[in-house]
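Q: Pasted the sequence and its predicted model underneath.
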Amino acid sequence: MKIAVLGSGIIGTSTAWWLRRIGHEVVVVDRQTGPAQETSFANGGQISVSYAEPWANPQAPLKLIKWMFQEDAPLLFRPRLDLYQWAWGLSFLRQCLPGRLAPNIRAMVRLAEYSRATLRGMRAELGIQYDHLERGILNFYRDSAEFELSQKAAGVMRDFGVERRILSADEVIAIEPALARQRPNIVGGDYTPEDESGDVHVFTAALARQCETAGVEFRYSTSVTRLLTAGGAVSGAETIAPDGAYGRLDADAFVVAMGSFTPLLVRPLGIPCNVYPAKGYSATFPVLDAAGAPTVSLTDSSHKVVFSRLGDRLRMAGTAELSGYDRALNPARCDAMTRLARELFPDALDFDRVSYWSGLRPSTPSNVPLIGRTRIPNLYLNTGHGTLGWTMGVGSGRALADLINGSRPEPEFPFLGI
(Lines give C-alpha, C1' and ligand atoms only; values in the text may rest on other atoms or scores of the structure.)
Protein backbone atom coordinates (compact mmCIF):
# COMPACT_ATOMS: atom_id res chain seq x y z
CA MET A 1 0.00 0.00 0.00
CA LYS A 2 0.87 3.65 -0.20
CA ILE A 3 0.63 5.03 3.33
CA ALA A 4 0.73 8.67 4.38
CA VAL A 5 2.14 9.34 7.85
CA LEU A 6 1.21 12.80 9.13
CA GLY A 7 3.84 13.97 11.62
CA SER A 8 7.61 13.40 11.81
CA GLY A 9 8.27 13.31 15.55
CA ILE A 10 9.54 10.16 17.22
CA ILE A 11 6.08 8.57 16.81
CA GLY A 12 5.56 9.36 13.13
CA THR A 13 9.14 8.67 12.06
CA SER A 14 9.19 5.33 13.88
CA THR A 15 5.88 4.38 12.27
CA ALA A 16 7.29 5.26 8.85
CA TRP A 17 10.42 3.18 9.48
CA TRP A 18 8.52 0.04 10.39
CA LEU A 19 5.97 0.44 7.60
CA ARG A 20 8.79 0.72 5.09
CA ARG A 21 10.51 -2.33 6.59
CA ILE A 22 7.36 -4.33 5.89
CA GLY A 23 7.46 -3.13 2.29
CA HIS A 24 4.91 -0.33 2.03
CA GLU A 25 5.40 2.89 0.10
CA VAL A 26 5.52 5.64 2.73
CA VAL A 27 5.18 9.42 2.54
CA VAL A 28 5.72 11.51 5.70
CA VAL A 29 4.30 15.04 5.90
CA ASP A 30 5.27 17.65 8.49
CA ARG A 31 4.74 21.40 8.72
CA GLN A 32 8.21 21.95 10.17
CA THR A 33 11.46 22.20 8.18
CA GLY A 34 12.75 18.87 9.49
CA PRO A 35 11.95 15.93 11.77
CA ALA A 36 11.34 16.10 15.53
CA GLN A 37 11.09 19.88 15.76
CA GLU A 38 8.09 20.09 18.07
CA THR A 39 7.33 17.82 21.07
CA SER A 40 10.27 15.53 20.22
CA PHE A 41 12.76 18.41 20.13
CA ALA A 42 14.01 18.92 23.70
CA ASN A 43 12.26 16.63 26.16
CA GLY A 44 13.68 15.19 29.37
CA GLY A 45 15.57 12.39 27.63
CA GLN A 46 14.43 9.52 29.85
CA ILE A 47 13.44 6.04 28.63
CA SER A 48 11.46 5.57 31.83
CA VAL A 49 9.76 2.19 31.58
CA SER A 50 9.84 1.69 35.32
CA TYR A 51 8.08 5.00 35.96
CA ALA A 52 5.34 4.50 33.38
CA GLU A 53 2.64 5.65 35.76
CA PRO A 54 -0.46 7.74 34.96
CA TRP A 55 -0.98 11.21 36.36
CA ALA A 56 -4.52 10.10 37.19
CA ASN A 57 -4.54 8.39 40.58
CA PRO A 58 -6.65 8.67 43.75
CA GLN A 59 -4.33 11.35 45.22
CA ALA A 60 -4.30 13.57 42.11
CA PRO A 61 -7.52 15.62 42.57
CA LEU A 62 -6.45 17.06 45.94
CA LYS A 63 -2.99 17.84 44.57
CA LEU A 64 -4.49 19.66 41.59
CA ILE A 65 -6.58 21.86 43.88
CA LYS A 66 -3.51 22.62 46.00
CA TRP A 67 -1.41 23.49 42.92
CA MET A 68 -4.04 25.53 41.06
CA PHE A 69 -2.66 28.91 42.19
CA GLN A 70 1.04 28.02 42.13
CA GLU A 71 2.79 29.31 39.01
CA ASP A 72 5.56 26.73 39.36
CA ALA A 73 3.30 23.79 40.31
CA PRO A 74 4.26 20.39 38.82
CA LEU A 75 0.80 20.03 37.23
CA LEU A 76 -1.13 23.24 36.66
CA PHE A 77 -4.70 23.36 35.37
CA ARG A 78 -5.58 26.77 33.92
CA PRO A 79 -9.36 26.84 33.36
CA ARG A 80 -10.39 28.21 29.96
CA LEU A 81 -13.58 28.66 27.99
CA ASP A 82 -12.71 25.49 26.17
CA LEU A 83 -15.21 22.65 25.94
CA TYR A 84 -12.50 20.11 25.13
CA GLN A 85 -10.40 21.12 28.13
CA TRP A 86 -13.34 20.58 30.50
CA ALA A 87 -14.33 17.30 28.84
CA TRP A 88 -10.73 16.13 29.21
CA GLY A 89 -10.71 17.22 32.85
CA LEU A 90 -13.87 15.29 33.68
CA SER A 91 -12.46 12.19 32.01
CA PHE A 92 -9.26 12.67 34.01
CA LEU A 93 -11.24 12.66 37.26
CA ARG A 94 -12.93 9.40 36.23
CA GLN A 95 -9.51 7.88 35.62
CA CYS A 96 -8.54 8.82 39.19
CA LEU A 97 -10.92 6.19 40.57
CA PRO A 98 -8.97 3.44 42.36
CA GLY A 99 -10.13 0.70 39.99
CA ARG A 100 -8.58 2.41 36.95
CA LEU A 101 -5.03 2.69 38.24
CA ALA A 102 -3.80 -0.90 37.82
CA PRO A 103 -5.20 -1.45 34.28
CA ASN A 104 -3.68 1.84 33.11
CA ILE A 105 -0.28 1.02 34.62
CA ARG A 106 -0.38 -2.46 33.08
CA ALA A 107 -1.04 -1.09 29.59
CA MET A 108 1.63 1.60 29.90
CA VAL A 109 4.30 -0.71 31.27
CA ARG A 110 3.73 -3.42 28.66
CA LEU A 111 4.01 -0.96 25.77
CA ALA A 112 6.99 0.79 27.34
CA GLU A 113 8.87 -2.50 27.88
CA TYR A 114 8.21 -3.50 24.29
CA SER A 115 9.40 -0.14 23.03
CA ARG A 116 12.62 -0.23 25.05
CA ALA A 117 13.43 -3.67 23.68
CA THR A 118 12.64 -2.44 20.16
CA LEU A 119 14.90 0.60 20.64
CA ARG A 120 17.77 -1.60 21.77
CA GLY A 121 17.37 -3.74 18.68
CA MET A 122 17.29 -0.71 16.38
CA ARG A 123 20.35 0.76 18.10
CA ALA A 124 22.31 -2.44 17.54
CA GLU A 125 21.17 -2.74 13.92
CA LEU A 126 21.40 0.87 12.77
CA GLY A 127 24.29 2.12 14.88
CA ILE A 128 22.57 5.42 15.68
CA GLN A 129 24.45 7.57 18.20
CA TYR A 130 22.27 9.85 20.32
CA ASP A 131 24.16 10.50 23.60
CA HIS A 132 22.44 7.52 25.16
CA LEU A 133 23.38 6.18 28.58
CA GLU A 134 22.35 2.85 30.08
CA ARG A 135 22.85 3.79 33.71
CA GLY A 136 19.26 3.55 34.93
CA ILE A 137 17.02 6.20 36.49
CA LEU A 138 17.41 7.33 40.09
CA ASN A 139 14.41 8.93 41.82
CA PHE A 140 15.23 10.77 45.04
CA TYR A 141 12.84 12.02 47.72
CA ARG A 142 12.99 14.92 50.18
CA ASP A 143 9.71 14.21 51.98
CA SER A 144 9.32 11.18 54.27
CA ALA A 145 5.59 10.78 53.66
CA GLU A 146 6.08 10.91 49.90
CA PHE A 147 8.93 8.42 50.15
CA GLU A 148 6.74 6.01 52.10
CA LEU A 149 3.95 6.35 49.55
CA SER A 150 6.43 5.71 46.74
CA GLN A 151 7.25 2.31 48.19
CA LYS A 152 3.67 1.23 47.56
CA ALA A 153 4.00 2.36 43.95
CA ALA A 154 7.26 0.45 43.68
CA GLY A 155 5.44 -2.63 44.95
CA VAL A 156 2.82 -2.25 42.22
CA MET A 157 5.57 -2.03 39.62
CA ARG A 158 7.25 -5.14 40.97
CA ASP A 159 3.92 -6.95 40.60
CA PHE A 160 4.20 -6.18 36.87
CA GLY A 161 7.74 -7.53 36.76
CA VAL A 162 9.55 -4.18 36.90
CA GLU A 163 12.67 -3.97 39.04
CA ARG A 164 12.48 -0.85 41.22
CA ARG A 165 14.86 -0.91 44.16
CA ILE A 166 14.15 1.04 47.34
CA LEU A 167 17.26 2.90 48.52
CA SER A 168 18.46 4.66 51.65
CA ALA A 169 19.77 8.21 51.35
CA ASP A 170 23.37 6.92 51.51
CA GLU A 171 22.65 4.46 48.71
CA VAL A 172 21.26 7.30 46.60
CA ILE A 173 24.55 9.19 46.95
CA ALA A 174 26.57 6.05 46.22
CA ILE A 175 24.79 5.66 42.87
CA GLU A 176 25.05 9.36 41.95
CA PRO A 177 27.84 11.18 43.83
CA ALA A 178 26.88 14.50 42.18
CA LEU A 179 24.04 14.65 44.75
CA ALA A 180 26.43 14.48 47.71
CA ARG A 181 25.90 18.05 48.90
CA GLN A 182 22.15 17.33 49.02
CA ARG A 183 22.58 14.40 51.41
CA PRO A 184 20.99 16.26 54.41
CA ASN A 185 17.82 16.90 52.38
CA ILE A 186 17.37 13.42 50.89
CA VAL A 187 15.33 10.85 52.85
CA GLY A 188 15.61 7.99 50.34
CA GLY A 189 15.10 6.98 46.76
CA ASP A 190 14.37 4.24 44.29
CA TYR A 191 16.44 3.05 41.36
CA THR A 192 15.58 1.27 38.13
CA PRO A 193 18.80 -0.08 36.57
CA GLU A 194 17.20 -1.17 33.29
CA ASP A 195 16.05 2.33 32.30
CA GLU A 196 18.00 4.55 29.92
CA SER A 197 18.39 8.10 28.67
CA GLY A 198 19.30 9.80 25.40
CA ASP A 199 18.54 12.65 23.01
CA VAL A 200 15.26 11.95 21.23
CA HIS A 201 15.77 14.72 18.67
CA VAL A 202 19.16 13.40 17.60
CA PHE A 203 17.81 9.84 17.39
CA THR A 204 14.72 10.82 15.40
CA ALA A 205 16.69 12.95 12.94
CA ALA A 206 19.09 10.06 12.34
CA LEU A 207 16.22 7.60 11.94
CA ALA A 208 14.58 9.94 9.41
CA ARG A 209 17.79 9.87 7.36
CA GLN A 210 17.75 6.06 7.51
CA CYS A 211 14.12 6.14 6.37
CA GLU A 212 15.02 8.30 3.39
CA THR A 213 17.82 5.93 2.45
CA ALA A 214 15.29 3.09 2.60
CA GLY A 215 12.94 4.94 0.23
CA VAL A 216 10.59 6.91 2.51
CA GLU A 217 9.59 10.29 1.10
CA PHE A 218 9.53 13.25 3.50
CA ARG A 219 7.61 16.41 2.66
CA TYR A 220 8.69 19.08 5.12
CA SER A 221 7.32 22.64 5.46
CA THR A 222 4.00 21.18 4.33
CA SER A 223 0.81 21.67 6.34
CA VAL A 224 -2.16 19.30 6.34
CA THR A 225 -5.36 21.35 6.47
CA ARG A 226 -7.98 18.60 6.35
CA LEU A 227 -8.69 14.99 5.49
CA LEU A 228 -10.91 14.30 2.48
CA THR A 229 -13.36 11.41 2.47
CA ALA A 230 -15.25 9.44 -0.16
CA GLY A 231 -17.18 6.20 0.11
CA GLY A 232 -16.66 5.89 3.87
CA ALA A 233 -12.87 6.12 3.67
CA VAL A 234 -10.21 8.80 3.67
CA SER A 235 -9.39 9.47 0.04
CA GLY A 236 -6.75 12.14 0.46
CA ALA A 237 -5.24 14.92 2.55
CA GLU A 238 -5.43 18.58 1.59
CA THR A 239 -2.00 20.17 1.98
CA ILE A 240 -0.27 23.53 1.70
CA ALA A 241 3.20 23.31 0.16
CA PRO A 242 6.18 25.49 1.15
CA ASP A 243 5.36 27.94 -1.66
CA GLY A 244 1.80 28.36 -0.35
CA ALA A 245 0.16 26.29 -3.08
CA TYR A 246 -2.68 23.97 -2.11
CA GLY A 247 -2.33 20.34 -3.09
CA ARG A 248 -3.72 16.89 -2.44
CA LEU A 249 -1.94 13.82 -1.14
CA ASP A 250 -3.57 10.53 -2.12
CA ALA A 251 -2.81 7.28 -0.32
CA ASP A 252 -4.36 3.93 0.54
CA ALA A 253 -4.11 4.54 4.30
CA PHE A 254 -3.41 7.47 6.59
CA VAL A 255 -1.68 7.57 9.97
CA VAL A 256 -2.21 10.69 12.07
CA ALA A 257 0.75 11.12 14.41
CA MET A 258 0.52 14.86 14.93
CA GLY A 259 0.70 14.86 18.71
CA SER A 260 -1.60 17.38 20.36
CA PHE A 261 -2.82 18.56 16.97
CA THR A 262 -4.26 15.16 16.03
CA PRO A 263 -7.76 15.91 17.45
CA LEU A 264 -8.00 19.09 15.38
CA LEU A 265 -7.57 17.08 12.20
CA VAL A 266 -9.79 14.08 12.95
CA ARG A 267 -12.69 15.63 14.88
CA PRO A 268 -14.35 17.07 11.74
CA LEU A 269 -14.68 13.44 10.59
CA GLY A 270 -16.48 12.48 13.80
CA ILE A 271 -13.49 10.55 15.16
CA PRO A 272 -13.23 10.72 18.98
CA CYS A 273 -9.74 11.68 20.13
CA ASN A 274 -9.61 12.78 23.76
CA VAL A 275 -6.12 14.24 23.63
CA TYR A 276 -5.26 17.60 25.16
CA PRO A 277 -1.93 19.47 25.16
CA ALA A 278 0.04 19.52 28.40
CA LYS A 279 2.76 22.13 28.04
CA GLY A 280 6.05 20.96 29.46
CA TYR A 281 9.28 22.88 29.92
CA SER A 282 12.94 22.03 29.59
CA ALA A 283 16.19 23.80 30.30
CA THR A 284 19.47 22.67 28.76
CA PHE A 285 22.73 23.66 30.49
CA PRO A 286 26.28 23.30 29.15
CA VAL A 287 28.34 21.22 31.58
CA LEU A 288 31.39 23.02 32.99
CA ASP A 289 32.51 20.38 35.49
CA ALA A 290 31.98 16.86 34.19
CA ALA A 291 32.61 15.31 37.61
CA GLY A 292 30.08 17.56 39.31
CA ALA A 293 27.22 16.89 36.90
CA PRO A 294 25.18 13.68 37.14
CA THR A 295 25.60 10.82 34.69
CA VAL A 296 22.73 8.75 36.08
CA SER A 297 19.38 10.10 34.88
CA LEU A 298 17.61 11.65 37.86
CA THR A 299 14.07 12.42 38.95
CA ASP A 300 13.51 14.94 41.73
CA SER A 301 10.21 13.61 43.06
CA SER A 302 9.35 16.68 45.13
CA HIS A 303 9.56 19.03 42.15
CA LYS A 304 8.51 16.50 39.47
CA VAL A 305 11.48 17.30 37.24
CA VAL A 306 14.02 15.05 35.55
CA PHE A 307 17.69 15.44 34.64
CA SER A 308 19.50 13.60 31.85
CA ARG A 309 23.14 13.89 30.86
CA LEU A 310 23.39 14.31 27.09
CA GLY A 311 27.11 14.37 26.32
CA ASP A 312 28.43 17.77 27.42
CA ARG A 313 24.92 19.05 28.25
CA LEU A 314 22.53 18.50 31.12
CA ARG A 315 18.85 18.48 30.17
CA MET A 316 16.32 19.35 32.86
CA ALA A 317 12.61 18.95 32.13
CA GLY A 318 9.27 18.75 33.82
CA THR A 319 6.00 20.38 34.84
CA ALA A 320 2.74 20.17 32.94
CA GLU A 321 0.48 23.11 32.20
CA LEU A 322 -3.02 22.42 30.87
CA SER A 323 -3.60 25.76 29.20
CA GLY A 324 -4.43 25.09 25.57
CA TYR A 325 -2.04 25.39 22.63
CA ASP A 326 0.00 28.31 23.93
CA ARG A 327 3.77 27.63 23.87
CA ALA A 328 4.89 30.94 25.35
CA LEU A 329 7.55 30.49 28.02
CA ASN A 330 6.39 31.30 31.53
CA PRO A 331 9.29 33.20 33.19
CA ALA A 332 8.25 31.96 36.64
CA ARG A 333 8.62 28.35 35.54
CA CYS A 334 11.93 28.98 33.77
CA ASP A 335 13.34 30.79 36.81
CA ALA A 336 12.16 28.01 39.14
CA MET A 337 13.94 25.39 37.03
CA THR A 338 17.19 27.33 37.01
CA ARG A 339 17.05 27.93 40.77
CA LEU A 340 16.60 24.21 41.36
CA ALA A 341 19.45 23.28 39.01
CA ARG A 342 21.69 25.83 40.75
CA GLU A 343 20.72 24.40 44.13
CA LEU A 344 21.57 20.85 43.09
CA PHE A 345 24.66 21.40 40.92
CA PRO A 346 25.93 24.93 41.69
CA ASP A 347 29.46 24.56 40.27
CA ALA A 348 28.86 22.07 37.47
CA LEU A 349 26.72 24.00 34.96
CA ASP A 350 26.94 27.18 32.89
CA PHE A 351 23.85 29.04 34.06
CA ASP A 352 24.56 32.00 31.76
CA ARG A 353 24.06 29.89 28.63
CA VAL A 354 20.90 28.00 29.51
CA SER A 355 18.44 27.24 26.68
CA TYR A 356 14.76 27.13 27.61
CA TRP A 357 12.10 25.33 25.59
CA SER A 358 8.46 24.33 25.84
CA GLY A 359 6.55 21.58 24.08
CA LEU A 360 2.95 20.40 23.95
CA ARG A 361 2.71 16.83 25.21
CA PRO A 362 -0.33 15.05 23.70
CA SER A 363 -2.05 13.64 26.78
CA THR A 364 -5.02 11.36 27.27
CA PRO A 365 -6.85 11.44 30.64
CA SER A 366 -5.52 7.97 31.45
CA ASN A 367 -2.02 8.55 29.97
CA VAL A 368 -2.65 5.43 27.87
CA PRO A 369 -1.99 6.43 24.23
CA LEU A 370 -4.40 5.96 21.32
CA ILE A 371 -2.89 3.51 18.85
CA GLY A 372 -4.77 1.70 16.13
CA ARG A 373 -7.57 1.88 13.58
CA THR A 374 -10.47 4.32 13.85
CA ARG A 375 -14.02 3.59 12.70
CA ILE A 376 -12.86 4.78 9.25
CA PRO A 377 -11.12 1.63 8.02
CA ASN A 378 -8.06 3.28 6.43
CA LEU A 379 -7.49 5.95 9.10
CA TYR A 380 -5.16 5.19 12.01
CA LEU A 381 -4.08 7.10 15.11
CA ASN A 382 -0.75 7.06 16.92
CA THR A 383 -0.93 9.76 19.56
CA GLY A 384 -1.62 10.56 23.22
CA HIS A 385 1.71 9.42 24.70
CA GLY A 386 1.96 12.37 27.10
CA THR A 387 5.33 12.51 28.85
CA LEU A 388 6.26 9.04 27.54
CA GLY A 389 6.57 9.65 23.81
CA TRP A 390 10.29 8.87 23.87
CA THR A 391 9.76 5.88 26.16
CA MET A 392 7.01 4.37 24.00
CA GLY A 393 7.83 5.86 20.60
CA VAL A 394 9.62 3.22 18.56
CA GLY A 395 7.46 0.42 19.97
CA SER A 396 4.29 2.34 19.16
CA GLY A 397 5.45 2.76 15.58
CA ARG A 398 6.28 -0.92 15.23
CA ALA A 399 3.00 -2.04 16.81
CA LEU A 400 0.93 0.19 14.53
CA ALA A 401 2.81 -1.03 11.47
CA ASP A 402 1.90 -4.58 12.47
CA LEU A 403 -1.76 -3.59 12.88
CA ILE A 404 -1.86 -1.94 9.46
CA ASN A 405 -0.27 -5.04 7.99
CA GLY A 406 -2.98 -7.25 9.52
CA SER A 407 -0.82 -8.75 12.28
CA ARG A 408 -1.44 -8.79 16.01
CA PRO A 409 1.22 -6.66 17.77
CA GLU A 410 3.37 -8.33 20.39
CA PRO A 411 2.60 -6.25 23.52
CA GLU A 412 -0.53 -6.72 25.61
CA PHE A 413 -2.20 -3.36 25.06
CA PRO A 414 -5.71 -2.00 24.35
CA PHE A 415 -5.11 -1.14 20.70
CA LEU A 416 -7.92 0.64 18.86
CA GLY A 417 -9.98 -1.35 16.39
CA ILE A 418 -9.16 -4.86 17.63
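A: In hand now; what should we look at?

Q: Please report phi then psi for the residue sitting furthest away from the middle of the chain.
A: Farthest-out residue of the chain from its mean C-alpha position, per C-alpha atoms, centre = their mean: G231, at 35.3 Å. Note on G231: its backbone torsions stand at phi 60, psi 30 [degrees, to the nearest 10].

Q: again, but for L416
A: Torsion angles at L416 (phi, psi; degrees, to the nearest 10) stand at phi -70, psi 140.

Q: Please apply the same query to V256.
A: Backbone torsions of V256, given as degrees, to the nearest 10, read phi -100, psi 110.

Q: For it, list each beta-bridge partner.
A: Going by DSSP bridges, V256 is paired in beta bridges with L6, L381.

Q: Verify the contact between it and L381 for me.
A: Yes - with contact defined as C-beta atoms under 8 Å, V256 and L381 form a contacting pair (5.6 Å). For the C-beta atoms, the positions are set from N, CA and C on the backbone; glycine is no exception.

Q: Give me the common contacts of these two.
A: Jointly contacting V256 and L381 under the rule C-beta atoms under 8 Å, 6 or more residues apart in numbering are T262, V266.

Q: Which residue ranges of this structure form helices?
A: Along the chain, the segments classed as helices by DSSP state H run 10-22, 60-67, 83-95, 98-126, 144-159, 169-175, 200-213, 262-266, 331-344, 389-404.

Q: Redo those as TSV? Include mean pLDDT and distance to D252.
A: Conversion of these to TSV gives the following (pLDDT from 0 to 100; distance: least, C-beta to C-beta, whole Å):
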stretch	mean pLDDT	distance to D252
helix 10-22	98	11
helix 60-67	81	42
helix 83-95	94	30
helix 98-126	96	25
helix 144-159	86	41
helix 169-175	98	50
helix 200-213	98	19
helix 262-266	98	18
helix 331-344	94	44
helix 389-404	98	10
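
Q: Relative to G324, which of those helices is closest?
A: Proximity to G324, assessed across those by C-beta to C-beta, is greatest for helix 83-95 (7.0 Å).

Q: quick one, that closest one and helix 98-126 angle?
A: Using axes from the mean of the first three to the mean of the last three C-alpha atoms, to 10 degrees, the direction of helix 83-95 lies 110 degrees away from that of helix 98-126.

Q: Helix 83-95 packs against which elements?
A: Judged by 3 or more C-beta pairs under 8 Å, 6 or more residues apart in numbering; DSSP states H and E, helix 83-95 is in contact with strand 276-286, strand 313-322.

Q: For F413, which of those strands is the nearest?
A: Proximity to F413 (C-beta to C-beta) singles out strand 276-286 among the helices and strands packed on helix 83-95, at 21.2 Å.

Q: For L344, give me its contacts.
A: By C-beta under 8 Å, 6+ apart, the contact list for L344 reads A178, L179, Q182, D300, F307.

Q: Then W88?
A: If you count contacts by C-beta under 8 Å, 6+ apart, W88 has them with N274, Y276, L322, P365.

Q: what's the closest of those residues to F140?
A: Looking across the contacts of W88 and measuring by C-beta to C-beta, the closest to F140 is L322, at 26.6 Å.

Q: Kindly provide the distance from the closest one to C96.
A: Here L322 is placed at a distance of 15 Å from C96 (C-beta to C-beta, to the nearest Å).

Q: ok, now D82?
A: 20 Å.

Q: Neighbour count: these two, which is higher?
A: Neighbours per residue (other C-beta atoms under 10 Å) separate D82 from C96, with C96 holding more: 20 against 16.

Q: Run a quick neighbour tally on the residue lying closest to the more buried one once chain neighbours are set aside.
A: Distance criterion C-beta to C-beta, 6 or more residues apart in numbering; nearest residue to C96, sequence neighbours excluded, is A56 at 4.8 Å. A56 has 22 neighbours, counted by other C-beta under 10 Å.

Q: Check F307 too.
A: When neighbours are counted by other C-beta under 10 Å, F307 registers 30.

Q: Specify the beta-bridge partners of it.
A: Going by DSSP bridges, F307 is paired in beta bridges with L298, M316.

Q: In contact with it, which residues are there?
A: G44, P294, S297, L298, T299, D300, L314, R315, M316, A341, L344.
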